[in-house]
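A.B. asks: I need the structure of the sequence given here:
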Amino acid sequence: MKFALSLIALVLVALVVPFLFPGMGKQQGVDPNANLPWQIELDAEGGSSVFGLRPGVSTLGEVRQKFGSEMDLAIIAEPDEMGAVEGFYSQLALGFVLAKVIVTVEASVETVAAMRDRALKANHMDSTTRKITLHPDDLVAIEKMPVKAISVIPTVNLDEATVVQRFGPPGERLVVSEKRVHLLYPAKGLDVVVDADGKELLQYVAPRSFALLREPLNKAEAVK
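C.D. replies: All right, here's what the predicted structure looks like:
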């Protein structure tokens, strides 16, 4: 039993240490100290830069140049919703942090509706969510559209103390349940969701557009 407990402890350390200490998760050709999730640069116009990208300004084409062309791109829609155009990377090295990355394209409801009309097919991701394959013409047009939000899901599980250590004290702490909390950083355009039962989620927008992250939480609180 002692051996088993020791082995579990070693596995946990191996998972968490790369997120805490630079250089531990270094990959070939990747600078372990650049483009890290907590390296957020702010400007005087309410904008920000993270991973070498500017939410609300950088285009999808620039994201491909930065992260690579192997992006899964589609409209993701919940029931009774028009959906959003999202690009997905199953694994990227953000410095020494490995993560899934999702970028949300800034497109109007009318634009998304037109894309859905031209779409090639739709598949169900789970019992409700639909993944809609875009027409080739729309894939070309989307390259020039800005990305309004960047979402990151680290491969390691993080606790609240680790998040605060890296990002600093949040501007607001919103408790959803006993095991789920939002750490809100309006000045950085960031919402970190800490989930004891699942993976953590980091969502980035330009600070001037923080309402994109806060308003859905306001609506959720209102219906409680």
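A.B. asks: Which residues are in contact with Lys179?
C.D. replies: With contacts taken as C-beta atoms under 8 Å, 6 or more residues apart in numbering, Lys179 has the following neighbours: Asp195, Ala196, Asp197. From N, CA and C alone the C-beta is placed, and that goes for glycine too.
A.B. asks: May I ask which of these has the most neighbours?
C.D. replies: With neighbours defined as other C-beta atoms under 10 Å, the most crowded of the contacts of Lys179 is Asp195; it has 15 neighbours.
A.B. asks: Was I right to think it contacts Arg180?
C.D. replies: Yes - with contacts defined as C-beta atoms under 8 Å, Asp195 counts as touching Arg180 at a distance of 5.0 Å.
A.B. asks: Just the mean pLDDT for the lengthiest strand in the chain, thanks.
C.D. replies: Once the chain is assigned using DSSP state E, the strand that runs over the most residues is strand 84-94. Per-region confidence: strand 84-94 scores 96 on mean pLDDT.
A.B. asks: Which helix or strand lies directly C-terminal to it?
C.D. replies: Along the chain past strand 84-94, the next helix or strand (assigned with DSSP states H and E) turns out to be strand 97-105.
A.B. asks: Tell me which residues are up against the helix or strand following that next one.
C.D. replies: Proceeding N to C from strand 97-105, the next assigned helix or strand is helix 109-118, under DSSP H and E. By C-beta under 8 Å, 6+ apart, the surrounding residues in contact with helix 109-118 are Ile75, Ala77, Met82, Gly83, Ala84, Val85, Ala107, Ile132, Leu134, His135, Asp137, Asp138.
A.B. asks: Next, the buried residues of the helix or strand just after helix 109-118.
C.D. replies: From helix 109-118 onward toward the C-terminus, using DSSP H and E, the following helix or strand is strand 121-124. Judged by neighbour count using 16 or more other C-beta atoms under 10 Å, strand 121-124 contains no buried positions.
A.B. asks: Neighbouring strands of strand 121-124 in the sheet, and parallel or not?
C.D. replies: Next to strand 121-124 in the sheet, as set by DSSP bridges, lie strand 130-133 (antiparallel).
A.B. asks: got the buried residues for the partner strand?
C.D. replies: Neighbour counts over strand 130-133 (16+ other C-beta under 10 Å) mark Arg130, Lys131, Ile132 as buried.
A.B. asks: sorry, back to before: roughly how far out does the longest strand of the chain sit from the chain middle?
C.D. replies: If you compare the mean C-alpha spot of strand 84-94 with that of the full chain, they lie 8 Å apart, counting by C-alpha atoms, centre = their mean, to the nearest Å.
A.B. asks: what angle sits between that strand and helix 109-118?
C.D. replies: 90 degrees (axes from the mean of the first three to the mean of the last three C-alpha atoms, to 10 degrees).
A.B. asks: So what touches strand 84-94?
C.D. replies: 25, 27, 30, 35-37, 51, 60, 63, 67-68, 70-77, 98-105, 107, 112, 115, 134, 142, 145, 147, 152, 155.
A.B. asks: before we move on, back to that, of the contacts of Lys179, which is the nearest to Arg214?
C.D. replies: Distances from Arg214 to those, taken as C-beta to C-beta, are shortest for Asp195 (18.6 Å).
A.B. asks: Quick check: the gap between the closest one and Glu160.
C.D. replies: 10 Å (C-beta to C-beta, to the nearest Å).
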